[in-house]
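*Asks:* Mind looking at a prediction? Sequence and model below.
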Amino acid sequence: MALVSVIIPTTRRPLQLRRALDSVFAQTYGNLEVIVVVDGHNPETMAMLAAYDEPRLRVLQNDHTLGPGPARNAGAEIARGDWLAFLDDDDEWLAGKLERQLAAASLDEAVLLTCRCRVITPQATYIWPRQPYDGQTPVDLHLWQRHSLFRGEAYVATASYLLPRWLFMQARFGSTPQNEDTTLLLRLTKQCGARIVMLPDVLAVIHADDLRNSLGTNFAWRDALAWIESMGGLVTPRAYAGFCLVVLASQARRTGDYAGLAFLLRRSFVHGKPSFNQLLVFAAFWLLPMELRQRLRAAVQYFTSARRMPMGETVGESHADSK
């Protein structure tokens, strides 16, 4: 059996980390090691790990905070496994995650294995992506060629990644504070020629607040714009336009940066190739207040749940699959 190295970066969340570790050591595939990368000074987490009774656990502590991408790369450097898997400290896996993924590929393939996820927010639970990624559309276009105002069409969670170590070492996570995981996806598919295989199964659980899978209220969209422009030929013009009009425009609208919205619209035409659907979503961000979009999202969730729920189940108990 091939050895799987599971890498978990963490900082100051010992309770969530324990839940993540428990889910890994409950896997039906047992030939694994877990490398927890403690990113900076963190005595509470180190104390919890010292008391965690599991011989397959290894701990690497960084002298200072590196950030999630470099922390994962540091864990990969010391990994002994043939396969690398990644999990965030506040997320968890279902028991068959590794076994199901390992059955879908072999070590000599240039492949990144992923899965669908159950995303839990304070308001509702979603299954993302709504439809599995088919691997045919370039990953950048898949992520940013959005057709809907609601998130959940395209989602490739870092907590779902499993790939051969030899392949990972040719690409690695990015070093910038944001988009380090997307940098890996672009390098894998466009520089290394790897394919992405997403299983239709829901095998990971993502614990998210409202903004986790957007860019967050403190996110500097201009930094993200600098990041995507640094990717050069790894991003198509259509995907560049989608990143500006959907991802970054959403953040500019959230913070009331109307000058930024106009700037991003111009940028999408000068350096990208916007689609009609991207422009429609951008117009919705511009025109519709956030509160109205949230009410629309809640209505879509309610009626989707009501239409699909089994007899005897209430809407509040159903897992919506749109956002």
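*Replies:* Thanks, I have the structure now.

*Asks:* residue ranges with poor pLDDT in the stretch 201-323 of the chain?
*Replies:* 210-219, 289-323 (pLDDT under 70).

*Asks:* got the residue ranges for the strands in it?
*Replies:* Applying DSSP state E, counting those that start in this stretch to the stretch 201-323 of the chain gives no strands.

*Asks:* At which residues are the helices of it located?
*Replies:* 221-230, 237-242, 249-254, 258-271, 276-287, 290-308 (DSSP state H, counting those that start in this stretch).

*Asks:* Which one, of the ones you listed, ends up nearest to Arg100?
*Replies:* helix 290-308 (23.8 Å; C-beta to C-beta). For the C-beta atoms, the positions are set from N, CA and C on the backbone; glycine is no exception.

*Asks:* For Asn62, give me its contacts.
*Replies:* 37-40, 71, 74 (C-beta atoms under 8 Å, 6 or more residues apart in numbering).

*Asks:* which of these has the weakest pLDDT?
*Replies:* On pLDDT alone, Gly40 ranks lowest of the contacts of Asn62, at 92.

*Asks:* Just the element for the nearest residue to it once chain neighbours are set aside, please.
*Replies:* Distances taken as C-beta to C-beta, 6 or more residues apart in numbering put Thr65 closest to Gly40, at 3.8 Å, once the chain neighbours are dropped. In this structure, Thr65 sits in neither a helix nor a strand according to DSSP states H and E.

*Asks:* do Val36 as well
*Replies:* Counting by DSSP H and E, Val36 is found in strand 32-39.

*Asks:* How about Gln136?
*Replies:* Residue-wise, Gln136 maps onto no helix or strand under DSSP H and E.

*Asks:* what do you get for Ala71?
*Replies:* helix 68-78.

*Asks:* Let me know the angle separating that helix from strand 32-39.
*Replies:* Helix 68-78 and strand 32-39 are oriented at 140 degrees to each other (axes from the mean of the first three to the mean of the last three C-alpha atoms, to 10 degrees).

*Asks:* ok, now how distant is the nearest residue to Arg267 once chain neighbours are set aside from Ser230?
*Replies:* Once flanking residues are discounted, Arg267 sits nearest to Cys244: 5.3 Å by C-beta to C-beta, 6+ apart. In this view, Cys244 and Ser230 are 15 Å apart by C-beta to C-beta, to the nearest Å.

*Asks:* Of those two, give the one with the bigger neighbour count.
*Replies:* Cys244 (30 against 13; other C-beta atoms under 10 Å).

*Asks:* can you pull the contacts of that one?
*Replies:* 225, 264-265, 267-268, 272.

*Asks:* how about the residues you listed, which pair is most distant?
*Replies:* Within these, two members stand farthest from each other by C-beta to C-beta: Leu225 and Leu265, at 12.8 Å.

*Asks:* what's the closest non-adjacent residue to the spatially most central residue of the chain?
*Replies:* Closest residue to the average C-alpha location of the chain: Ala157 at 2.8 Å, with C-alpha atoms, centre = their mean. Distances taken as C-beta to C-beta, 6+ apart put Cys117 closest to Ala157, at 4.9 Å, once the chain neighbours are dropped.

*Asks:* and that neighbour, what element?
*Replies:* According to DSSP H and E, Cys117 maps onto strand 111-120.

*Asks:* Report the rounded mean pLDDT for that strand.
*Replies:* Across strand 111-120, pLDDT averages out at 97.

*Asks:* go on, stretch 124-141?
*Replies:* 93.

*Asks:* Pull out the buried positions in it.
*Replies:* 124-130, 133, 135, 138-141 (16 or more other C-beta atoms under 10 Å).

*Asks:* cool, stretch 48-55 as well?
*Replies:* Here stretch 48-55 shows 48-49, 52 as buried, counting by 16+ other C-beta under 10 Å.

*Asks:* what residues does the helix or strand that the helix holding Ala71 is followed by touch?
*Replies:* Downstream of helix 68-78, the next assigned helix or strand under DSSP H and E is strand 83-86. Residues outside strand 83-86 that contact it (C-beta under 8 Å, 6+ apart): 2-8, 72, 76, 98, 102, 107, 158-159, 161-165, 168.

*Asks:* mind listing what's buried in strand 83-86?
*Replies:* Going by neighbour count (16+ other C-beta under 10 Å), the buried part of strand 83-86 is 83-86.

*Asks:* Reformat those residues as CSV; add distance to Gly30 and pLDDT.
*Replies:* What follows is the buried residues of strand 83-86, written out as CSV (distance: C-beta to C-beta, whole Å; pLDDT from 0 to 100):
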residue, distance to Gly30, pLDDT
Trp83, 14, 98
Leu84, 17, 98
Ala85, 14, 98
Phe86, 19, 98
